[in-house]
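> the sequence and its predicted three-dimensional model are supplied below.
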Amino acid sequence: MDKSTKRPLGEKLSNSAKLARAAWRILKDDKRLIVISIISYITGLLLLIGVIAATFALLFAVPTGSYEIDNGSINNFAYLLLIIPVFIVYFIVNYFNGAIAYVALRRFDGEKITIKQALAAASKKSVAIFLFSSMQATIGIILQILEEHVPLAGKIAVWLTGAAWNIASMFSIPVIMTSDQKNPLKVVKKSATTFKSIWQESAFIGLGLGIISLLFGLAFLIIMFAIGYAAVMLDSLTIGIAGIVFIIIVMGAYTLVISTLKTILMTAAYHYATTNKLPAGFDEELIRTMFRPKKKWLA
């Protein structure tokens, strides 16, 4: 990368914030994106409730002594039942993110599609999404287990490995939705190659959203404290219950919006990095400033 692309940190942060605002404008203009996220949230919640209920039913059906908790450990059978929801969450999130990415990709090319078409597109990639989600969940679980059983130096190594994995796989969903590749290793390899081609800027893609998340988190903590204080001082169960409901609704809405914005940003970056075409809805100067693909065939 030449010197002209080495911009001050402040400029990169500013551009990251502009990218977040551009993604927000797209989200406001295309409500299908948030509708898909809502469907994802409801579907995931219902499936998790079902799996958790089935898990408890199986655990209670197993004769006493076949599963025990000893010094913080749990036997293989019970542990297997407990990690099933993890796989489901990964698949549901990736499946609907695939649908969102498809809507975004078509929109970037000036097309508009229906929610049904987006879900159909994700369904066509369900095998690839399942395989990638399985690998993603497995790696996540392995890293979590390692983190719990290694000293500080080992924990740092695990954190770094997890960070490297997240970076390498950040464009995996757009890769799946734009190719016929089903092998999760090759999907991640393509994702990592894309990241490498714009690596100096990829690290800043979601930073604008990160800053927004931090500010929201601080504001939310203040609101939670105020609600809790009011409930205690007024000795009001009604305020307490209303506060809990409010917190759940706000956190759910916030999670949906941030997740959707992140998918839009990642898809836009991938679209530009692999086609050198400007994603519709994003400022041309901003995109060309933020992302300068290294490879000659992308230039």
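Happy to help now that I have it.
> would you map the helices across this structure?
9-29, 32-61, 76-108, 115-124, 126-149, 152-168, 172-177, 184-197, 199-205, 207-233, 237-275, 284-290 (DSSP state H).
> next up, the contacts around Thr138.
Contacts of Thr138 were listed using Cβ atoms under 8 Å, 6 or more residues apart in numbering, and none were found. No exception for glycine: its C-beta is placed from N, CA and C like everyone else's.
> what pLDDT does it get?
With respect to pLDDT, Thr138 scores 89.
> most tightly surrounded among the helices of the chain?
Across the helices of the chain, averaging neighbours per residue (mean count of other Cβ atoms under 10 Å) puts helix 172-177 on top, at a mean of 27.
> could the C-alpha coordinates of that one be exported in CSV?
Only the C-alpha atoms of helix 172-177 are listed here, as CSV (Å, rounded to 0.1, in the frame of the first residue of the first chain):
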residue,chain,number,x,y,z
SER,A,172,-17.5,-15.6,5.4
ILE,A,173,-21.3,-15.0,5.0
PRO,A,174,-20.8,-12.7,1.9
VAL,A,175,-18.5,-15.4,0.5
ILE,A,176,-21.1,-18.1,1.0
MET,A,177,-23.9,-15.9,-0.5
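> ok, and what's touching that helix?
Everything outside helix 172-177 that qualifies as a contact, by Cβ under 8 Å, 6+ apart, is 94, 97-98, 101-102, 105, 121-122, 125, 128-129, 132, 181, 184, 187-188, 190-191, 194, 263, 266-267, 270-271.
> how far does it sit from the chain's center?
Mean-position distance between helix 172-177 and its chain equals 13 Å (Cα atoms, centre = their mean, to the nearest Å).
> ok, now stretch 243-260?
15 Å.
> least reliable of the helices of the chain going by mean pLDDT?
Among the helices of the chain, helix 199-205 scores lowest, at a mean of 59.
> how close does Ile139 sit to Trp165?
Applying Cβ to Cβ, to the nearest Å, the value for Ile139 to Trp165 is 6 Å.
> now do Phe195
12 Å.
> please name the residues that touch Gly243.
With Cβ under 8 Å, 6+ apart, Gly243 has these contacts: 224, 227-228, 230-231.
> contacting residues for the most centrally placed residue in the chain?
Per Cα atoms, centre = their mean, the C-alpha nearest to the average position across the chain is that of Ser259, at 5.5 Å. Ser259 makes contact with 37, 93, 97, according to Cβ under 8 Å, 6+ apart.
> now do 10 Å
37, 40-41, 93, 96-97, 100, 209 (Cβ atoms under 10 Å, 6 or more residues apart in numbering).
> name the nearest of those residues relative to Ile248.
Nearest to Ile248, judged by Cβ to Cβ, of the contacts of Ser259 is Tyr41 at 11.6 Å.
> surely Trp165 is in contact with Val188?
Yes. Using Cβ atoms under 10 Å, Trp165 makes contact with Val188 at a distance of 8.4 Å.
> shared neighbours, these two?
In contact with both Trp165 and Val188: 135-136, 139, using Cβ under 10 Å, 6+ apart.
> which among those residues gets closest to Thr255?
For those, the nearest to Thr255 is Gln136 (18.4 Å; Cβ to Cβ).
> show me what contacts the spatially closest residue to that closest one that is not a sequence neighbour?
In space, and not counting its chain neighbours, Gln136 is closest to Tyr90: 5.3 Å by Cβ to Cβ, 6 or more residues apart in numbering. By Cβ under 10 Å, 6+ apart, Tyr90 lies in contact with 129-130, 132-138, 140.
> what's the answer for Arg25, then?
By Cβ under 10 Å, 6+ apart, the residues touching Arg25 are 281-282.
> distance of it from Lys125?
27 Å.
> likewise Ala99?
9 Å.
> same thing with Lys277?
Lys277 is 21 Å from Lys125, where distance means Cβ to Cβ.
> just checking, Ala20 touches Gly210?
Yes. Between Ala20 and Gly210 a contact is recorded at 9.2 Å, counting by Cβ under 10 Å.
> so what sits against both of the two?
Common neighbours of Ala20 and Gly210 (Cβ under 10 Å, 6+ apart) are 258, 262.
> circling back: between Lys277 and Lys125, who's got more neighbours?
Neighbours were tallied for Lys277 and for Lys125 using other Cβ atoms under 10 Å; the higher tally belongs to Lys125 (24 against 11).
> dump the residue contacts of the more buried one.
Taking Cβ under 10 Å, 6+ apart as the test, what Lys125 contacts is 94-95, 98-99, 101-102, 132, 173, 176-182.
> with Gly50 instead?
So Gly50 contacts 85, 88 (Cβ under 10 Å, 6+ apart).
> out of the contacts of Ser259, which one sits closest to Lys155?
Among the contacts of Ser259, and counting by Cβ to Cβ, the member closest to Lys155 is Val93, at 25.6 Å.
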